[in-house]
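**Q** 3D model of this:
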Amino acid sequence: MLTYKAVLPTNPRAGAPVLLLLHGRGSDEHDLATLIPHLMPEAMGLSLRAPFPGEPWGYGPGWAWYEYMGRNRPEPEGFSKSLEALDELIDRLEEILPARPGPLVMGGFSQGGTVSLAYALRSPGRVSAALNFSGFLPDHPAAEATPESVAGTRFFWGHGSVDPAIPFELAVEGRAALEKAGADLTVRDYSHGHTISPGELRDAAAWLASAGQRGVGAAGP
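**A** This next block holds a predicted model:
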């Protein structure tokens, strides 16, 4: 099963939302863990480590969710294995967490954002809210945006207009595909490059709080 770092509230509440965060290429489970209390302080959070060592692909000493083949193309077999690894972990959340899990929120940066989008589309209705920080909509069978695959999930897509790693044009294309499918999509553009700025983090936290008020990601009884 995927390695993770848990970040939990002082007194985890049964039915509280679960926030899964997925790091970018060449990083690890510690990278995004500190964001969990800022995004959803009430959530039971898990910051996950990707399943593949990044060094064989030239990604440094960290980990990767897939081998990048260019533009919006992940290597398909490894990408599918990452989605399956997420299935395994999510199926065991009741064992992992100290209280009964509530709605599932998933998000990530770069590769982690890409995989979060794909997982939400592959498993309609399982993810109540998906956050994509500087990822792309992958060219992969699991990530097809259709009215059926976007149903039941709210999407947040933040992207830097001068991103040198994942060009802004991929954000434009991916967002257009989600909108065409009828997704409940919120987009935010920033003047930064390939990073999550403090302003973007605040926007995402406010969006999640709004989602909770609408019954998405809110803690249960």
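
**Q** ok now do the residue positioned nearest the centre of the chain, which residues does it touch?
**A** The chain has residue 107 as the residue nearest its centroid, 2.0 Å off, counting by Cα atoms, centre = their mean. Going by Cβ atoms under 8 Å, 6 or more residues apart in numbering, residue 107 touches 19-22, 39, 113, 116, 129-133, 156, 204. All C-beta spots, glycine's among them, are computed from the backbone N, C-alpha and C.

**Q** equivalent analysis for residue 156, please.
**A** 107, 129, 130, 131, 132, 185, 186, 188, 204, 207, 208.

**Q** which residue, other than its chain neighbours, is closest to the third one?
**A** In other words, residue 130. residue 120 (4.1 Å; Cβ to Cβ, 6 or more residues apart in numbering).

**Q** in a strand, the one you found, correct?
**A** No - Residue 120: not assigned to a strand; according to DSSP: H, G, I helix; E, B strand; the rest coil it is helix.

**Q** quick one, what contacts it?
**A** Counted by Cβ under 8 Å, 6+ apart, residue 120 has contacts 106, 126, 127, 130, 153, 155.

**Q** check what pLDDT residue 118 gets.
**A** For residue 118, the model assigns a pLDDT of 98.

**Q** which stretches in this structure count as helices?
**A** Here the chain has its helices, by DSSP state H, at 36-39, 76-91, 93-96, 111-122, 147-150, 168-180, 198-213.

**Q** just name the most buried of these.
**A** helix 111-122 (a mean of 28; mean count of other Cβ atoms under 10 Å).

**Q** report the angle between that one and helix 168-180.
**A** 20 degrees (axes from the mean of the first three to the mean of the last three Cα atoms, to 10 degrees).

**Q** how far away from the center of its chain is helix 111-122?
**A** 6 Å (Cα atoms, centre = their mean, to the nearest Å).

**Q** check stretch 196-212 too.
**A** For stretch 196-212, the distance to the chain centre is 13 Å (Cα atoms, centre = their mean).

**Q** hmm, who's touching it?
**A** Stretch 196-212 is contacted from outside by 17, 35, 38-40, 105, 107, 109, 128-129, 131, 133-134, 154, 156, 158, 160, 186, 188, 190, 192, 217-219, using Cβ under 8 Å, 6+ apart.

**Q** of those, buried ones?
**A** Listed as buried from the contacts of stretch 196-212 are 17, 35, 39-40, 105, 107, 109, 128-129, 131, 133-134, 154, 156, 158, 160, 186, 190, 192, 217-219; burial here means 16 or more other Cβ atoms under 10 Å.

**Q** just name the shakiest helix or strand of the protein by mean pLDDT.
**A** Taking mean pLDDT, DSSP states H and E as the measure, the helix or strand of the chain with the lowest value is helix 198-213, at a mean of 89.

**Q** show me the contacts for residue 27.
**A** 62, 63.

**Q** show me what it is bridged to.
**A** residue 63 (DSSP bridges).
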